[in-house]
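Colleague: take this sequence and fold it.
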Amino acid sequence: MRIFAFAGWSGSGKTTLIEQIIPRLAARGLTVSLVKHAHHRFDVDHPGKDSWRHRQAGCTEVLLTSHVRWALMHELRGASEPSLADSLGRLSPCDIVLIEGFKRAPVPKLEILRPSLGKPPLFPHDPWVLAVATDDPVAVAELGVGDLPILRLEQVDAIATLVIEHAAVHLSRIDDGEAADVP
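Modeller: Numbers count the residues shown, from 1 in each chain. Sure thing, here's the model as predicted:
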């Protein structure tokens with residue numbers, strides 16, 4: 001399993017770009033999965049539904065299954081948040097896992113940077129940023145990116161190629177300071 005991350009501040013367009021990348025990777029014959037880190041509470045269940053009621057009653061895990069899909073919800077109930085490595089270990093085998101969030105993880109990544117948001121760039125402090133995708137290449141170049149490639153957000157095919165070429169083989173101890181092994 002190989003991994004590649006998309007990092008950037010909220011509102012930069014990570015989700016939209018990933019949504020455009022996935023079908024391009026799939027069209028190249030790759031099976032693609034995704035791990036997304038949320039900085040807030042989220043719920044994939046609906047209040048009042050049986051599974052929601054079972055979790056509210058105290059279940060640690062509730063697995064929903066049908067002929068179309070299955071989903072496992074796990075309540076931490078005070079336990080520590082799973083690390084990126086733990087999350088990756090829960091996935092079924094696939095060719096490539098895209099990672100959204102975990103912006104400080106030591107894995108190859110593309111920074112999505114919109115200077116108009118007024119947020120500082122990540123690349124000066126993150127050696128794992130391999131390129132920058134932006135809606136304003138001139139403003140990003142003025143930030144002094146050095147040798148980092150600058151891509152326009154619309155260059156989806158080029159970004160998909162970058163992902164394939166630089167996705168790293170997943171090691172089990174990413175979050176403990178050991179980085180992914182770049183092939």
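Colleague: tell me the contacts of L143?
Modeller: P115, P121, P124 (Cβ atoms under 8 Å, 6 or more residues apart in numbering). From N, CA and C alone the C-beta is placed, and that goes for glycine too.
Colleague: so what does the first one have for phi and psi?
Modeller: The main-chain torsion angles of P115 are listed as degrees, to the nearest 10 and equal phi -50, psi -30.
Colleague: for it, list the residues it contacts.
Modeller: Contacts of P115 (Cβ under 8 Å, 6+ apart): T134, D136, A139, V140, L143.
Colleague: of these, select the buried ones using a ChimeraX command.
Modeller: Restricted to buried positions by 16 or more other Cβ atoms under 10 Å, the ChimeraX selection for those reads:
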select :134,140,143
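Colleague: quick check, nearest of the contacts of P115 to K109?
Modeller: Using Cβ to Cβ, T134 is the member of these that lies nearest K109, at 14.4 Å.
Colleague: identify the bridge partners of that closest one.
Modeller: Counting by DSSP bridges, T134 is bridged to L113, R152.
Colleague: from A79, how far out is it?
Modeller: Distance, T134 to A79, by Cβ to Cβ, to the nearest Å: 38 Å.
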